[in-house]
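> no sequence on this one, just coordinates:
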Ligand code: SAH
């Protein structure tokens, strides 16, 4: 196809030769007239060689690269990318009767910048973070159905809150396919949960904590667990299966508390070890008794949504962890996380370590955690790494 053209300034193709998938506005010398946002464009070096094909967008990133080979971006292209993504999840052993939820497409990590697809059993939840992906959504969903060969019954499209300039797009969340009969119950490592992709946060469930929840399960036996920022209660039901003495789940959202209670009931209908509370984290932590818990999970929402918020965010992480260090019982284990992409692993560690030092307690690192393998990070796009966690032993 003869897509419209973008020509780079001299020497600005170097990061592209290293497969970095973004082209910034400062690298562009010239572009064809009348480009519309989301359009597919061919990109050439200043000496006229083809270098990439991608989605054009308005902003500091002007092109998100779909391919470094000169090719048509058609149904065949989407099929190839999606089937490679599915092949990887199969190789990871994530698609099983006792595990029906996983991330199929993790944006740049699956060479599909701006696209997220999570699978919950027979339902795919698709999210665009660029206008280009939004405009390609029909082709993508057709390719998805074909790659899954009849195993997919619903495709829910959920981009109302993730698209830039959404006012002009007349966007509404809804089913691109199916939607007549949906089963909201999925399974993660044998544990059931409801994923409410229509009304819930993100795509309905945080599949990125799967491995970290499994690790917590191993430490839960006989412990008193506080799952702070519980949302749908993932860490709580793993702790219960792991033999925790008691589990308290806390979230400021009453809806989250209800979701957690429902998920606990779904797995353990007669459970009496669990209670969930709708409260602000800082208030709860301040007011709780010292030594009440010897296993605490802190998994807050992203404190820094952009680079400008880094300083405040780091103070937030420090303050939050400081209370946990003050209150956790001796011999306690703290699982602490940051999902802010803008916060580096080092900066997060420093915030947590200075909170620990301030508490005067002896603290050791047991594990350093990250996102699971179905959220791969292209080495050429390190920005794709966002989840950071530490498991600390507190004496
Ligand atoms: N740990 C969860 C995901 C947490 S998402 C899981 O494994 O699925 C972050 C959660 O923090 C959201 O549910 C949000 O409602 C909650 N939250 C945000 N601010 C809060 C606050 N100040 N106090 C308590 N919870 C808060």
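Nice, thanks for sending it over. The shown structure was predicted, so the numbers you read here are calculated from the model rather than taken from an experiment.
> so what's the closest residue to the ligand within the stretch 1-150 of the chain closest to, chain neighbours aside?
Across the stretch 1-150 of the chain, no residue is closer to the ligand than residue 101, which sits at 11.5 Å (CB to the nearest ligand atom). The way it works is simple: take the backbone N, C-alpha and C, and place the C-beta from them, glycine included. Excluding the flanking residues, the one nearest residue 101 by CB to CB, 6 or more residues apart in numbering is residue 186, at 4.2 Å.
> related to what we said a few turns ago, now do the residue of the stretch 1-150 of the chain closest to the ligand, the pLDDT please.
Turning to residue 101, the model gives it a pLDDT of 98.
> any weak-confidence spans in the protein?
For the chain, the stretches with pLDDT under 70 are 1, 165-168.
> Contact residues of it facing the ligand?
Counting by CB under 6 Å from any ligand atom, the residues of the chain close to the ligand are 206, 209, 229-232, 234-235, 251-253, 256, 280-281, 299-301.
> Would you mind giving me the ChimeraX syntax to select the buried ones in those residues?
In ChimeraX, a selection of the buried entries from the residues of the chain next to the ligand looks like this (16 or more other CB atoms under 10 Å):
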select :206,209,229,230,231,232,234,235,251,252,256,281,299,300
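> Narrow the residues of the chain next to the ligand to those in strands?
When these are checked against strands using DSSP state E, the ones located there are residue 251.
> Would you mind measuring from the residue of the stretch 1-150 of the chain closest to the ligand to residue 208?
Per CB to CB, to the nearest Å, residue 101 is found 11 Å from residue 208.
> Those two - which one has more neighbours?
The residue with more neighbours, out of residue 101 and residue 208 and counting by other CB atoms under 10 Å, is residue 101; that gives 23 against 20.
> what about the closest residue to residue 7 other than its chain neighbours, which SS state?
Closest residue to residue 7 in three dimensions, ignoring its sequence neighbours and counting by CB to CB, 6+ apart: residue 30, at 4.5 Å. Classification of residue 30 into helix, strand or coil gives strand, according to DSSP: H, G, I helix; E, B strand; the rest coil.
> Likewise for residue 7?
When the rule is three-state DSSP, residue 7 gets the label strand.
> if we can go back for a sec, quick check: the residue of the stretch 1-150 of the chain closest to the ligand touching residue 206?
No - Residue 101 is beyond contact range of residue 206, at 10.1 Å (criterion: CB atoms under 8 Å).
> what's near enough to touch the most centrally placed residue in the chain?
For the chain, the residue sitting closest to the mean C-alpha position, by CA atoms, centre = their mean, is residue 208 at 5.7 Å. With contacts defined as CB atoms under 8 Å, 6 or more residues apart in numbering, the neighbours of residue 208 are 103, 339, 371-372, 375, 387.
> same thing but at 10 Å, please
With contacts defined as CB atoms under 10 Å, 6 or more residues apart in numbering, the neighbours of residue 208 are 103, 106, 118, 202, 337, 339, 370-372, 374-375, 386-387.
> List buried residues within the residues you listed.
The neighbour-count test (16+ other CB under 10 Å) marks 103, 106, 118, 202, 337, 339, 370-372, 374-375, 386-387 as buried among those.
> Make sure residue 176 is indeed in a strand.
Yes - secondary structure of residue 176, determined by three-state DSSP: located in a strand.
> and residue 25, what does it touch?
The contact partners of residue 25, by CB under 10 Å, 6+ apart, come to 31, 58-63.
> quick one: the nearest residue to residue 341 once chain neighbours are set aside from the ligand, how far?
When the adjacent residues along the chain are set aside, residue 341 lies closest to residue 386, with 4.0 Å between them (CB to CB, 6+ apart). Residue 386 sits at a distance of 13 Å from the ligand (criterion: CB to the nearest ligand atom, to the nearest Å).
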